[in-house]
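Novice: Curious how this folds, go ahead:
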Amino acid sequence: MARPAIIGASGLTDSPYRNDAMTSAETVPEHSQIAPPAKSRAAQILLGLSLMLIAFNLRPLFASLSVLLPELLRQTGLSSSGAGYLTTLPVLCLGLFAPLAPRVSQRVGPERTLLIVLLLLTAGTALRGLGDMYSLFIGSAMAGAAIATGNVLLPSVVKRDFPRHAALMTGFYTMALCGGAASAAAFTLPMVHFFNDSWTMGLAAWAAPAALVALIWAPQALRSRRGAGRAGRRPGGLWRDPLAWQVTLFMGLQSALAYCVMGWMAPILRDRGLDGVTAGVVVSVSIMVQVVICLLVPPLAVRCRNQSFFNAGLAALAAAALMGLLFAPLSTVWVWAVLQGVGQGGLFAIAMTVIVLRSPDSVVAAQLSGMAQGVGYVLAALGPLLVGVLHSATGGYASAGWLFALLGAGAAVNGWGAGRAILVKPSSRRTASF
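Specialist: Predicted coordinates:
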């Protein structure tokens, strides 16, 4: 019986018994994988820091709205169902626009695409601060489309530019993602109080860091070469690959849990009796724990023969802790917040890591990332939407416990399969450019 492939820290197979996906990737000329010229150590450090700054700006959109939902509901007359639609809209956009990201990147280049992401994110976030419902929904959709593209491209750029340190860099940028969410959870409400209780300023203020990072990233983006267009290898067939579907469902179900946390943990805690600032701090502490865990989990996970136990165990912990926040005595809320941070942070980091580890090269990584986040985030959008619908129907959050349990169980089952030490096997075809 053939020995199973062992996935190393680079994300490639270290075993001499390589599978067909790896073999086909090795026979493709380097230019078809859109590999850039070798970068100096200083340039790689600058690139890594820039990717972390970009990642930081991809989550405040969600957490800033979460902590302001009670104020927004009071001042606008929006219903609980309407709030569910509003929290769901950007998550749905993550799924709808993610499949387009690899195509845009191939045409204009990943660096320039990320610059477009930052500009669109700045505009959408600022638009949410105009105060009317149309601007709030349109701005959320614009920013969601930008975040979808950034989410897909980050694993691909890491796979391409940090092949020997893919797990570590994945940990760094997922840490930055969680750091952005934690900052928004902690500082949005104090900013609202600073601006004379203006919830619109609390939302719009998060356009400023996105604009600043766009200025920092612009020189690197404009110096980069354009995309490879239609030339080179076009991997296909991931839609028929069972492993790709397990990665996709794992990403989607864990994301549904994550957006339930970002969209509804603060309202749930406030409904249970905590004041707005305290609820925001609890959410921020939970997400700050995620920051640390995101850095630790990927390097540990890649040292294991496979990641199945990591995936299933973290899914169970994240769901159980979320139910603890919903049902356990308020005196234990900090314990459950920390445990939820451990589970959710590790779950998100390992979900991003398996996209890299299950891909033979950066081209397939972009395609798998697009599939996992495209289908996955459409599925994830159901999480916060159903919480809002259940609350509107029952007048409370207790029924959401069943939803959290089902999402955790589904993530654990698919995470077990996605953790196996094998690679996805897309079919490949060559195209000529004239």
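
Novice: List the contacts of the spatially most central residue of the chain.
Specialist: Centrality entry for the chain: nearest residue to the mean C-alpha point is Asn151, 5.8 Å, by C-alpha atoms, centre = their mean. Taking C-beta atoms under 8 Å, 6 or more residues apart in numbering, we find Asn151 in contact with Leu58, Leu94, Ala98, Ala101, Ser369, Gln373, Tyr377. Every residue, glycine included, has its C-beta placed from N, CA and C.

Novice: One more pass at 7 Å, please.
Specialist: Leu58, Leu94, Ala98, Gln373 (C-beta atoms under 7 Å, 6 or more residues apart in numbering).

Novice: now the last one, what's its secondary structure?
Specialist: When you say that, I think you mean Gln373. Secondary structure, DSSP: H, G, I helix; E, B strand; the rest coil: Gln373 is helix.

Novice: give me every residue that touches it.
Specialist: Contacts of Gln373 by C-beta under 7 Å, 6+ apart are Leu94, Ala98, Ala148, Asn151, Val152, Met251.

Novice: For it, which non-adjacent residue is closest in space?
Specialist: Using C-beta to C-beta, 6 or more residues apart in numbering and skipping the chain neighbours, the partner closest in space to Gln373 is Ala98 (4.1 Å).

Novice: Number of residues surrounding the one you found?
Specialist: Burial of Ala98 is recorded as 27 neighbouring residues (other C-beta atoms under 10 Å).

Novice: what does Leu295 give?
Specialist: 19.

Novice: Likewise for the one 3 residues further on?
Specialist: For Pro298, the number of neighbouring residues by other C-beta under 10 Å comes to 29.

Novice: Next: the one 10 residues further on.
Specialist: The tally of other residues near Ser308 (other C-beta under 10 Å) stands at 17.

Novice: my read: it touches Arg420, true?
Specialist: Yes. At 6.4 Å, Ser308 and Arg420 qualify as touching, with contact defined as C-beta atoms under 7 Å.

Novice: what's the distance between the residue nearest to the centre of the chain and Phe97?
Specialist: 10 Å (C-beta to C-beta, to the nearest Å).

Novice: how about the strands of the stretch 201-350 of the chain, start to end?
Specialist: All strands of the stretch 201-350 of the chain, identified by DSSP state E, counting those that start in this stretch, fall at 232-236.

Novice: can you give me the helices for it?
Specialist: With DSSP state H, counting those that start in this stretch as the criterion, the stretch 201-350 of the chain has helices at 207-223, 242-271, 276-301, 308-327, 333-357.

Novice: Buried residues in the second one, which are they?
Specialist: In terms of neighbour count (16 or more other C-beta atoms under 10 Å), helix 242-271 has its buried residues at 243-270.
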